[in-house]
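Trainee: Turn this into a model:
(2 chains)
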Protein chains: 2
Amino acid sequence: MTNHFLHDFLRPKSIAIYGANNTFGTTMGTMQLVRIINSNYKGKIYPIHLRLETVLGYKAYKSIADVPEIPDLVIIVLPPQVVPQVFKECGEKGVKRIVVISGGFRELIGDRSNTLTKEIVQIADKYGMRFIGPNCLGLYNGWIYPEDDATFNMMLWKTEIKRSKFSIASQSGTLASQLWLDSEYPDFNVGKAISVGNEANIDLVNFLEYFKEDEETEVIGLYIEEIKRGQEFIQLTKKITPKKPIIAIYGGGSKAGNRAIKSHTGSIAGNIKIFDSMVKETGIIKTDYIEEFLDISSILLTPNFQYPKGKRIGIITFAGGPGALIANNAERNGLIVPEFSETLQSKLKSMLPHTASWSNPIDITFDMNIFNLYINFPKMLMKSGEVDIIIIYGAMGFQDMTSDFQQNEKISQYIEFREDMAERVDEMDKLLIAPGIKLSQKYSIPIIYINPQGYGSEWSKKIRKYGGVAFRFWDRPVSCLAKICDYAKYRRKIT
Amino acid sequence: MTNHFLHDFLRPKSIAIYGANNTFGTTMGTMQLVRIINSNYKGKIYPIHLRLETVLGYKAYKSIADVPEIPDLVIIVLPPQVVPQVFKECGEKGVKRIVVISGGFRELIGDRSNTLTKEIVQIADKYGMRFIGPNCLGLYNGWIYPEDDATFNMMLWKTEIKRSKFSIASQSGTLASQLWLDSEYPDFNVGKAISVGNEANIDLVNFLEYFKEDEETEVIGLYIEEIKRGQEFIQLTKKITPKKPIIAIYGGGSKAGNRAIKSHTGSIAGNIKIFDSMVKETGIIKTDYIEEFLDISSILLTPNFQYPKGKRIGIITFAGGPGALIANNAERNGLIVPEFSETLQSKLKSMLPHTASWSNPIDITFDMNIFNLYINFPKMLMKSGEVDIIIIYGAMGFQDMTSDFQQNEKISQYIEFREDMAERVDEMDKLLIAPGIKLSQKYSIPIIYINPQGYGSEWSKKIRKYGGVAFRFWDRPVSCLAKICDYAKYRRKIT
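Mentor: Alright, predicted model coming up:
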């Protein structure tokens, strides 16, 4: 693995940067260097600047020739016209790796054979240099120092970054860098992200080669506007998807989308039908919406998630409405919500109050035995062999519920807490979630917990602590699950 | 208005409640009374309990007959078998309004003519009483005390409740009560919510009559599993939708959904085709997903939102990928993303750097003139008459961006803040958002701002402060907008 040339690209021990200065808001180069410093990057930093003595506290150099060593990586954020000259100087210095943030190459006139691009490609070839871009935002590597909190980040709009085994290569800088801003997903993160830009020298196929063998990559995300090396892309993804899922979002297809793409990267957008048949052949999971892109990734990154063996879904809910909506939308998305066998129904019926229902969805309604919702019924469904996936609606945190009673003195002074219950509240996750996840692993049947208190609530965090999947909106996971089922089927067939 | 019988139902000056006690976690009645107390309800509370002297600090009464006045509203959370007897006693006392939380009536055996239901309907008729339920969670009224923070809440799972002019009547208690738990939507709230239950005495049509004239209701949300009085429902909604939008989510349609509905409320689920044609005839906005239900409501509740006069969308973005994805998904959802006229394109081109694009989407990419993004380009599009809706991607908060520079001393000690910029950052909303919203009102063209920093970020809050719409995910508003366009068209045709 470590001999792939991109491995070192993501782990520079020293960098030089063109285009940063000391004034807020003036250049993108400054923003990028600020992000690198904020990410606690531990390598050496050599700003290149014609006039300044220092940049953000680092000694500046008038040219790359003056830098006291050959930097592992050079970052260029300058007007496009000067980039060829900078490339030459880098080549002379012995530089091997460059990131060209600057835009205005081929997208300038929508012409692939733009001379500026040709020029830098030729110079790079001459000196044996590789480069990402032009017209990109660069990269982020959360794994550069595995033992530390430090990262190497020149583009992510987030200060406190945790890492995951989700790696993204994107033809949109935005998609690579601005997905992680919201507190709704406090513990869902990316591990490596690369904004590939115009791919004049390094393209998606290169990054896929790298991600294929990379141990820090388990799930791959792509944003695609154009595939340059179609055959290589197909052959490679076919080798990857049996082991690592690839989730792709495609920016082309519609008239306006294609128009946007043409001016964005200057590429000729592909035909949506060709793209879709390619997706089918390669087992890539395709989605049209960012939120689904994140949802699917989040499910697949969940440590104890089990790939479903079929499309049959069992719904256990403590409320009728969500049960109906999950069932409706599951069928709409191609999942199956089978009516349970008579044997299973009569078993369930015997354990439920008369107000409940037991045909699928199981609606426990007024059943106060929470162990049925979390453990007993999931176990019965798993043992029955009648479902491949279980969705539980109403996995809500007890602490949030008890706080209703405890926070208001008008109530807390009068209420009697049954001692066994008070004691148990803090340990509920051990009693309810842990055994459910174990069952899920034993039977290889995924459980999706739905907690309307939200992704960031304490209880949802606990669910994820045990390696479980937690959603807020009850009807949102079904479209993701349908796509994951298709992928799981592809995987079974191939392997 | 105030003479509709439901007006008083939602504003009781005194309540009696059956089924509450002093022990945490034992009965739903206790939970409901806790919520009422937590909502700072200011009326009198009379718990009815056979054995207890006090319930949560309130003097308890052995029977309704002992209560020193006729309570405005009685809440019953008891086993169904005893409800008829309680109804009789309430009738004898002179009670006029009841909420029957208890389940286990007709859903018990899936039989509409369940004798228990018949019995309570007859008793209510005999004594001239009206009741909500059975098998419901009751109601919430955020407008009971217009001058105060206090509300009347027996079911919402949220302690700090703000109110809006969004009123919900729902055949699912969950949908009426558990949508407001998440911090993702910190300032999106409901004003009135009713869980209508089995509708043995008061049904959706009654609540629609009430919402129709209610000044505290501007947008109506419905969750529907079954419509009991079809003709009345259609006639009434046709009168409402020209003035107040109705957003409906339907729990039926699929085999499993219908099965779920049958056991949930005991009703025979309708045919999806009949439902869809009814929706078309009445101008109801139908959605299949909870999140879209909330998104559409949230857009329509935005104070300065303008109904679009057509389906043509103009996209202004500072990043190519989001522009392409918005365009793609807009077309997929039936919106139009027209290529701008040559006149407009050449005007835009003259104001943009060569790296940008101007055909629609407008991708400003490396243009640092933020006033173009927020004001100049929206104004040009509005004046052109070529678009009906504008989406702006990249409406991001400056304060969050400057904090990257200021929080880390390794950077802040070196960076020069241009004084004019530092001064302006705090006032950016006045310079950028306020004029945009004014333009939107002047030209009656809605602007949707997309800020990847999230709904809860400071900048998004400021956008909403000026009555603007802010989304996080760039491709999420288009499906909502397509539905809103259909509704706007219906409204124009009717009025």
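Trainee: measure stretch A:68-84 end to end?
Mentor: From its first residue to its last, stretch A:68-84 covers 22 Å (C-alpha to C-alpha, to the nearest Å).
Trainee: What mean pLDDT does that stretch get?
Mentor: Mean pLDDT, stretch A:68-84: 95.
Trainee: Now do the buried residues in that stretch.
Mentor: Residues A:71-78, A:80, A:83-84 are the ones in stretch A:68-84 that count as buried (16 or more other C-beta atoms under 10 Å in any protein chain shown). Any C-beta I mention is one placed from the backbone N, CA and C, and that applies to glycine too.
Trainee: next one: stretch A:275-283
Mentor: A:275, A:278-279, A:282-283.
Trainee: Just the ones of those in helices?
Mentor: Of the buried residues of stretch A:275-283, the ones assigned to helices by DSSP state H are A:275, A:278-279, A:282.
Trainee: Which one of those is nearest to B:A260?
Mentor: Among those, A:V279 lies closest to B:A260 (C-beta to C-beta), at 32.8 Å.
Trainee: just the strands in the stretch 251-400 of chain A please.
Mentor: A:285-287, A:313-317, A:357-358, A:362-363, A:389-393 (DSSP state E, counting those that start in this stretch).
Trainee: strand partners of the fourth one, parallel vs antiparallel please.
Mentor: Read that as strand A:362-363. When sheet partners are counted by DSSP bridges, strand A:362-363 sits next to strand A:313-317 (parallel), strand A:357-358 (antiparallel).
Trainee: got a list of contacts for the longest one?
Mentor: Outside strand A:313-317, the residues within contact range by C-beta atoms under 8 Å, 6 or more residues apart in numbering or on different chains are A:323, A:326-327, A:330, A:335-337, A:340, A:360-364, A:373, A:377-378, A:381, A:386-394, A:474, A:478, A:481, B:256, B:260.
Trainee: now it, how far from the centre of its chain.
Mentor: Between the centre of strand A:313-317 and the centre of its chain there are 27 Å (C-alpha atoms, centre = their mean, to the nearest Å).
Trainee: Run the angle between that strand and strand A:389-393 for me.
Mentor: 20 degrees (axes from the mean of the first three to the mean of the last three C-alpha atoms, to 10 degrees).
Trainee: could you dump strand A:313-317 to CSV, C-alpha only?
Mentor: Provided in CSV are the C-alpha atoms of strand A:313-317 (Å, rounded to 0.1, in the frame of the first residue of the first chain):
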residue,chain,number,x,y,z
ILE,A,313,-38.3,-5.4,6.8
GLY,A,314,-39.8,-5.9,10.2
ILE,A,315,-41.2,-2.8,11.9
ILE,A,316,-41.5,-2.5,15.7
THR,A,317,-43.0,0.7,16.9
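Trainee: Now do the contacts for the residue lying closest to A:I272 once chain neighbours are set aside.
Mentor: Closest residue in space to A:I272, ignoring its immediate chain neighbours: A:G253 at 3.8 Å, by C-beta to C-beta, 6 or more residues apart in numbering or on different chains. Each residue near A:G253 by C-beta under 8 Å, 6+ apart is listed here: A:269, A:272, A:275, B:328, B:332.
Trainee: again with A:A60
Mentor: A:47-49, A:52-54.
Trainee: Just give me the closest of the buried residues of stretch A:68-84 to chain B.
Mentor: Checking the buried residues of stretch A:68-84 against chain B with C-beta to the nearest C-beta, the nearest one is A:P80 at 8.6 Å.
Trainee: how about the longest helix along chain A as PDB, C-alpha atoms only?
Mentor: Ranked by residue count, the top helix of chain A under DSSP H comes out as helix A:477-494. Output in PDB follows, covering the C-alpha atoms of helix A:477-494 (Å, rounded to 0.1, in the frame of the first residue of the first chain):
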ATOM      1  CA  PRO A 477     -33.800   5.400   6.500                       C
ATOM      2  CA  VAL A 478     -35.900   3.300   4.200                       C
ATOM      3  CA  SER A 479     -34.700   4.900   0.900                       C
ATOM      4  CA  CYS A 480     -31.100   4.400   2.100                       C
ATOM      5  CA  LEU A 481     -31.800   0.800   3.200                       C
ATOM      6  CA  ALA A 482     -33.300   0.000  -0.200                       C
ATOM      7  CA  LYS A 483     -30.100   1.100  -1.900                       C
ATOM      8  CA  ILE A 484     -28.000  -0.700   0.700                       C
ATOM      9  CA  CYS A 485     -30.000  -3.900   0.000                       C
ATOM     10  CA  ASP A 486     -29.200  -3.600  -3.700                       C
ATOM     11  CA  TYR A 487     -25.600  -3.200  -2.900                       C
ATOM     12  CA  ALA A 488     -25.600  -6.100  -0.400                       C
ATOM     13  CA  LYS A 489     -27.200  -8.300  -3.200                       C
ATOM     14  CA  TYR A 490     -24.500  -7.300  -5.600                       C
ATOM     15  CA  ARG A 491     -21.800  -8.100  -3.000                       C
ATOM     16  CA  ARG A 492     -23.300 -11.500  -2.300                       C
ATOM     17  CA  LYS A 493     -23.400 -12.300  -6.000                       C
ATOM     18  CA  ILE A 494     -19.900 -11.200  -6.700                       C
END
